[in-house]
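Visitor: Just to be clear, the model below is a prediction. Sequence and coordinates:
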Amino acid sequence: MIKVLLFAHLQEAVGQSKVMVELEGCTVQDVKKWMEKEYPQLSLEQMMAAVNEEFVTDDAFVKDGDTLAFIPPISGG
Amino acid sequence: MIKVLLFAHLQEAVGQSKVMVELEGCTVQDVKKWMEKEYPQLSLEQMMAAVNEEFVTDDAFVKDGDTLAFIPPISGG
Amino acid sequence: MGTSLFEIVEHPIDVEEVRKKVVNRNAGAITLFVGTVREMTNGKKTLFLEYQAYPEMAVKMFEQIAKEIKERWPEAKIAITHRVGQLEITEIAVVIAVSSPHRKAAYEANEYAIERLKQIVPIWKKEHWEDGSEWIGDQLENVPYAEGKPRF
Amino acid sequence: MGTSLFEIVEHPIDVEEVRKKVVNRNAGAITLFVGTVREMTNGKKTLFLEYQAYPEMAVKMFEQIAKEIKERWPEAKIAITHRVGQLEITEIAVVIAVSSPHRKAAYEANEYAIERLKQIVPIWKKEHWEDGSEWIGDQLENVPYAEGKPRF
C-alpha cells in the first residue's frame, strides 16, 4: 500500500486529502497514471512529487509503506 | 551669542555639552578657530558642523541666536 | 508556540517570539521578514486568504534552507514560522528571523530564505476575492512552476 | 513610547511597537532591522555600550531618510527608533521597520535606511571594553569620516 497525499486544488478535485493505492514495485509515473484513471478530473502530468517528504522525479521508485505526495505549484510566504 | 553644542569626545574634552560664544557675523571656520584657542585640547579642523540642525560647510555664516553643533564621525546604528 | 526554530502553526504568530529564537551575544544585527495579507493585488480585492501546508515536509524544507544558509553565511542563525488556516487582511502569514554578527549577511540570508521558501516549501494559498476563490498556482496549469521546478 | 514614526528614546525599544507603525492594508511585506549590542568585535570584548545623540537633529535626519526613501520606493512606509544611554550585550540599539506591497522594496529600502543612518544621523557610540573605553570614530582623527563626509 502506498499512501498518496493531495493538497490544494488536487485535494478539492478528489474530495479527500489521502488516498491509499494498492500498487507496489512501481514508479511515481505509474502512480500518476493510476490516479488519473481513478480520478479523471486530475491532471498530474506536470505535478511535482515527494516520496517520504523528499522531492523526487517521476522515475523514482515507490514501495509498500511509502508516502507519496503530489505538490502543486507552491504559493506560501 | 551663538550656542555651540559638543558631543561625544568633544564634550568630554571640554567638560561641557554647550558653550555660549560671543561672536557675530562670522563663519563656522571662525568659530572653530575661536574654540580651538579657548580650548587648546580641541581639534576641530576636520569636524563636520551643523547650523540649526542642518549640515553646513565651514564657510557658512553663523548669526546671533544660531545653534552650531560640531558633529564627530557618526557611529550610531 | 514552541521553542523549535522551524514551525507551522494554526494560530497568530508572535513576531517577538520568533526574533528571540535567534538572539545571541555575538549578533550585531537581526533582520525580520514579516509576510502579511495584502488587500489589493493588480487591482483585485482580497477578502481573506487560506493557507494549507504539508507540515512534516515543510519543516524539513525549512531545515534544508537553514542548511543552505549555513553553507553561504556560516555565522547566520535562522528561525521561520509559517501560519496556516484562514488569515484576514494585515494578518501575518510568515516570519523569518536571521541574526548575524554583521548586517549585510543578515539581510542577504533573510532574502535568500524567503526566495527559497517560495520555491521548495510545500505551502499553498487560496485567494478569496470578492468574486470567487482560487488556489494560487491553479490557473498556471500549462506552466505549473512559474520559477522553474524547485531545485532540490 | 510615542506614536511618532521617528524617535530617539532612553528606554528599551519594543520591536512590535515600531513594526505596528508601518502596518497597512496594502503591505504584503514588512522588513525589520534590529541592531543589537555584540560582545566580540575583532577579538575585543565589549562590556557595554553608551549611545549619545543630538536628538532634535537626529529626528530631522530620520525624516530626510524617509523622504529619500519615498523618492526611490514610493510605496514604502518607514519608522525608526534609536535608543540612547547605556546598553548591555544583546540589547537593542535601533529598530528600522519598512512596509511595502512587495518584498523586494521592503528589503532594499530597509538596508538603504541603515546605511544612511550610519552616514548622516548624529548618534555616537562609546565602547566600554575590558581594558578601557573610547568614543568610536575618535581614533580616526586623521580620517575623521571613514565613508567620506556625510552627503547632505
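Guide: Sure, I can see it. Given the structure is predicted, the values throughout are model-derived calculations rather than measurements.

Visitor: dump the residue contacts of the closest residue to chain B within chain C.
Guide: Closest residue of chain C to chain B, CB to the nearest CB: C:Arg103 (8.3 Å). In short, each C-beta sits where N, CA and C put it, glycine included. Applying CB atoms under 8 Å, 6 or more residues apart in numbering or on different chains to C:Arg103 gives the contacts C:Gly28, C:Ala29, C:Thr31, D:Phe33, D:Gly35, D:Glu111, D:Ile114.

Visitor: Likewise for C:Arg83?
Guide: C:Ile8, C:Val9, C:Glu10, C:His11, C:Pro12, C:Ile13, C:Tyr51, C:Glu91, C:Ile92, C:Ala93, C:Val94.

Visitor: A:Asn52 now?
Guide: A:Asp66, A:Thr67.

Visitor: likewise A:Glu45?
Guide: A:Glu45 neighbours (CB under 8 Å, 6+ apart): A:Lys32.

Visitor: rewinding a little: restrict the contacts of C:Arg103 to contacts with chain B.
Guide: D:Gly35, D:Ile114 (CB under 8 Å from any CB of the partner chain).

Visitor: Select from the contacts of C:Arg103 every entry located in strands.
Guide: Cross-referencing the contacts of C:Arg103 against strands under DSSP state E gives C:Ala29, C:Thr31, D:Phe33, D:Gly35.

Visitor: my read: the second one touches C:Val98, true?
Guide: Yep, that's C:Thr31 we're talking about. Yes: contact criterion CB atoms under 8 Å: C:Thr31 and C:Val98 qualify, at 5.1 Å.

Visitor: what residues do the two have in common as contacts?
Guide: Common neighbours of C:Thr31 and C:Val98, using CB under 8 Å, 6+ apart, are C:Ala106, C:Ala109, C:Asn110.

Visitor: Look at the first one and tell me its secondary structure.
Guide: Recorded secondary structure, C:Ala106: helix (DSSP: H, G, I helix; E, B strand; the rest coil).

Visitor: if I pick C:Val121, what's in contact with it?
Guide: A:Ile74, A:Gly76, A:Gly77, C:Ala58, C:Met61, C:Phe62, C:Ile65, C:His82.

Visitor: What of A:Val56?
Guide: By CB under 8 Å, 6+ apart, A:Val56 lies in contact with A:Val28, A:Ala49, A:Ala50.

Visitor: Sketch out the strands for chain C, chain order is fine.
Guide: Under DSSP E, chain C gives strands at C:6-9, C:29-36, C:40-41, C:44-53, C:77-83, C:85-88, C:92-100, C:123-129, C:132-135.

Visitor: closest to B:Val62 out of these?
Guide: strand C:29-36 (38.5 Å; CB to CB).

Visitor: Establish whether the helix or strand bottoming out on mean pLDDT in chain C and chain A are in contact.
Guide: Within chain C, confidence by mean pLDDT, DSSP states H and E is lowest for strand C:40-41 among all helices and strands, at a mean of 91. No: contact of strand C:40-41 with chain A (CB under 8 Å from any CB) is absent, the minimum separation being 12.1 Å.

Visitor: Just the pLDDT at the most centrally placed residue in chain C, thanks.
Guide: The residue lying closest to the centre of chain C (CA atoms, centre = their mean) is C:Val94, at 4.4 Å. With respect to pLDDT, C:Val94 has a value of 98.

Visitor: ok, what's across the strand from it?
Guide: C:Gly35, C:His82 (DSSP bridges).

Visitor: Hmm, it is touching C:Ala79, no?
Guide: No: with contacts defined as CB under 8 Å, C:Val94 does not count as touching C:Ala79, sitting 11.3 Å away.

Visitor: shaky segments in chain C?
Guide: Counting by pLDDT under 70, chain C contains low-confidence residues at C:1-2, C:138-152.

Visitor: Any idea which residue is closest to the centre of chain A?
Guide: A:Phe70 (4.1 Å).

Visitor: Let me know the pLDDT of the residue nearest to that one when sequence neighbours are not counted.
Guide: Spatial nearest neighbour of A:Phe70, excluding adjacent residues (CB to CB, 6 or more residues apart in numbering or on different chains): A:Met47 at 4.8 Å. pLDDT for A:Met47: 95.
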